[in-house]
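> I'd like to go over a predicted model; first the sequence, then the structure.
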Amino acid sequence: MRDPPRRLTPAKAVLAAFAAAGVLAAAGGAAFVGLGVYDVSATGPHWQPVHSLLELALKRAVQRRADAHPPPNDLLTPQRVMQGAACFRDRCVACHGAPGIAPEAFSLGMQPVPSSLVEATRHWRLQDLYWITRNGIKMSGMPAWEYRLEEGELWSVVAFLEALPLMTPDQYRALTSAPEAAPRRAATSAGPAASAPVRGTPRCDGLVEAPAPLAPPLSSAELARRAFRQHGCTACHTIPGVVGPETSNGPRLSGLAGRDRIGGKAFPTEDGLAAWIRNPQAIDAHSAMPTLQVSENQARLMARYLLAH
Ligand code: HEC
Ligand code: HEC
């Protein structure tokens, strides 16, 4: 008698099928990347299913994180709506447009194209809007404003977005035009809570000395890494321990503590480095390194990191 042919148990068959599928997927993925199949152009949109999936992933990711920052109780004051309008005009309208105002030409060429925010409060809770504005959205073109708008200004933008659905183009223009003339008139029609008296004209200054505390708190090395990325340092410098593109626009920033000079002039102390980082041209008028609006606190944070690496 011959032995019966050996059979896979069902469990083993399933495992083998998964393994085969895994190998195929990995090979397919490698070919997809290696052969350059994916269309990275900004004129070629995602397929609709991919687009919908990304939207869902974005929504869930934001909702999961946003609850750490509940909105302040007095969010919808006319003062805040006005300050939010000033910030929106200065930082957002170029990409997102506003009632009666088209976005700038460059933003229409972006993929994804920045959406109109008139209905943003229908899709997002207030804390979601705060989270998105503060943190930005990776790989989308939506910048993070954490280092460019103060905590109060971030919430003012959210207050403005809350008032936006009821705002006419005339009201928007009045809110954001001539600082002295506009606010009082506009505030009466700017939406909820807009009838209270209004003092002064809020501005959107946006110089952030130190971003509001984060949950969970970050170590000072992690904060320094964020600061490098958020000020574009990694566009020109390779910095030890900081993820960024391969670049040699500027020198590699390592071993600075052991040097006589930095940038050929300043001294490699915390003071000297911070001064260079804040304003290289004040130290060397011919430096190719731009002045990047780095606050004193942020410059010192970066200097300490560089001296330790
Ligand atoms: C350089 C262009 C650009 C600027 C400037 C910009 N954004 Fe965006 N924003 C985007 C892009 C791109 C997206 C992703 C596509 C989308 O969903 O709109 C986005 C998405 C958003 C979203 C999510 C919208 C949604 O429904 O999915 C919000 C909210 C938002 N931005 C708020 C702001 C605020 C507030 C400002 C100003 C402080 C701002 N943005 C400035 C480009 C920009
Ligand atoms: C557009 C490119 C560019 C950006 C962005 C940039 N740098 Fe530089 N950086 C340079 C160049 C080029 C030099 C060389 C010195 C010169 O220009 O004379 C330099 C020099 C330096 C030096 C002195 C290095 C040495 O070896 O002497 C430090 C420190 C430094 N940069 C830190 C920074 C930090 C921190 C940031 C972000 C806030 C930054 N840089 C952003 C281009 C850049």
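Thanks, I have it. Since the structure is predicted, the reported quantities are computational estimates derived from the model, not experimental observations. Ligands and ions are numbered 1, 2, ... in the order given.
> K59 versus W131, what's the distance?
Distance of W131 to K59, computed by Cβ to Cβ, to the nearest Å: 12 Å. Glycine gets a C-beta too; all of them are placed from N, C-alpha and C.
> My error: substitute R226 in the last question.
24 Å.
> Return the helix or strand in the chain with minimum mean pLDDT.
Every helix and strand in the chain was compared by mean pLDDT, DSSP states H and E; the lowest is helix 182-187, with a mean of 40.
> Could you point out the helix or strand that follows that one?
Using DSSP states H and E, the next helix or strand after helix 182-187 towards the C-terminus is helix 220-230.
> Is ligand 2 within reach of the next helix or strand after that next one?
Tracing the chain past helix 220-230, the next element assigned as helix or strand by DSSP H and E is helix 270-278. Yes. Using Cβ under 6 Å from any ligand atom, helix 270-278 reaches ligand 2 at 273, 276-277.
> Which member of those residues is positioned nearest ligand 2?
I277 (4.4 Å; Cβ to the nearest ligand atom).
> For the closest one, which residues are in contact?
Contact partners of I277, counting by Cβ atoms under 8 Å, 6 or more residues apart in numbering, are 292, 294, 299, 302-303.
> Let's see that with 6 Å instead.
Each residue near I277 by Cβ atoms under 6 Å, 6 or more residues apart in numbering is listed here: 294, 299, 302.
> So what's the model's average confidence on stretch 49-59?
Taken as a whole, stretch 49-59 has a mean pLDDT of 94.
> for stretch 215-232, same thing?
Stretch 215-232 carries an average pLDDT of 92.
> Are it and ligand 2 in contact anywhere?
Yes. On the criterion Cβ under 6 Å from any ligand atom, stretch 215-232 is in touch with ligand 2 at 231-232.
> my read: P114 touches C95, true?
Yes. If you go by Cβ atoms under 6 Å, P114 and C95 touch, sitting 4.1 Å apart.
> so what sits against both of those two?
S107.
> And for P49, the neighbour number?
As a burial measure, P49 scores 8 neighbours (other Cβ atoms under 10 Å).
> what about it, which helix or strand?
Per DSSP H and E, P49 falls inside helix 48-66.
> list the contacts for whatever residue of the stretch 151-300 of the chain ends up closest to ligand 1?
Closest to ligand 1 within the stretch 151-300 of the chain is V157: 4.7 Å, counting by Cβ to the nearest ligand atom. Taking Cβ under 6 Å, 6+ apart, we find V157 in contact with 84, 87-88, 133.
> Can you tell me which of those residues is nearest ligand 1?
Minimum distance to ligand 1 across those is 4.2 Å, recorded for T133 (Cβ to the nearest ligand atom).
> Give me the residues contacting the helix or strand hosting that closest one.
For T133, the enclosing helix or strand under DSSP H and E is helix 126-135. With contact meaning Cβ under 6 Å, 6+ apart, helix 126-135 is reached by 62, 65-66, 69-71, 144-146, 154, 157-158, 161.
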